[in-house]
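Chemist: Sequence first, then the predicted structure:
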Amino acid sequence: MFIKLTRSGSRTYAQLVESFRDELGKPRQRTVATLGRVDEHDGQVDALLNGLLRAKGRPVGATEGPQVRFESALSLGDVWALDALWH
């Protein structure tokens, strides 16, 4: 299962979609549930996310940014050069 975003005019909806194979073995997708409008503040999607956060034991409203660390390109240059020479 996965989340699929669909657009209808200027609105964006989140849907829970299931992938499966039909009798002939061809891959198909079926919409299990429409979760609500993504662009709506304090709508169904936000309520669902808050419920999932509570179920996981995480504080509601705490938004952590992704943990990204940037490396210097200079420190990777020698490794790249040695790899290029090896091949």
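Modeler: Good, I have the coordinates. Numbering: from 1, shown residues only.
Chemist: Quick check: mean pLDDT of the helix or strand in which residue 76 is found?
Modeler: Under the criterion of DSSP states H and E, residue 76 resides in helix 73-86. When pLDDT is averaged over helix 73-86, the result is 80.
Chemist: And it, what does it pack against?
Modeler: Packing partners of helix 73-86 (3 or more C-beta pairs under 8 Å, 6 or more residues apart in numbering; DSSP states H and E): none among the helices and strands. Where C-beta positions appear, they are placed from N, C-alpha and C, glycine not excepted.
Chemist: pLDDT weak spots in this protein?
Modeler: Low-confidence segments of the chain, defined by pLDDT under 70: 61-65, 73-74.
Chemist: What segments of it are strands?
Modeler: 2-8, 11-21, 27-37 (DSSP state E).
Chemist: could the ones you listed go into JSON lines alongside mean neighbour count and distance to residue 48?
Modeler: Shown next, in JSON lines, are those (neighbours: other C-beta atoms under 10 Å; distance: least, C-beta to C-beta, whole Å):
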{"stretch": "strand 2-8", "mean neighbour count": "11", "distance to residue 48": "11"}
{"stretch": "strand 11-21", "mean neighbour count": "14", "distance to residue 48": "9"}
{"stretch": "strand 27-37", "mean neighbour count": "12", "distance to residue 48": "6"}
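Chemist: who wins for proximity to residue 68 among those strands?
Modeler: Residue 68 lies closest to strand 2-8 among these, at 22.2 Å (C-beta to C-beta).
Chemist: Need the residues that contact the closest one.
Modeler: 12-17, 19, 29, 31, 35, 38 (C-beta atoms under 8 Å, 6 or more residues apart in numbering).
Chemist: Recalculate using a threshold of 7 Å.
Modeler: 12-17, 38 (C-beta atoms under 7 Å, 6 or more residues apart in numbering).
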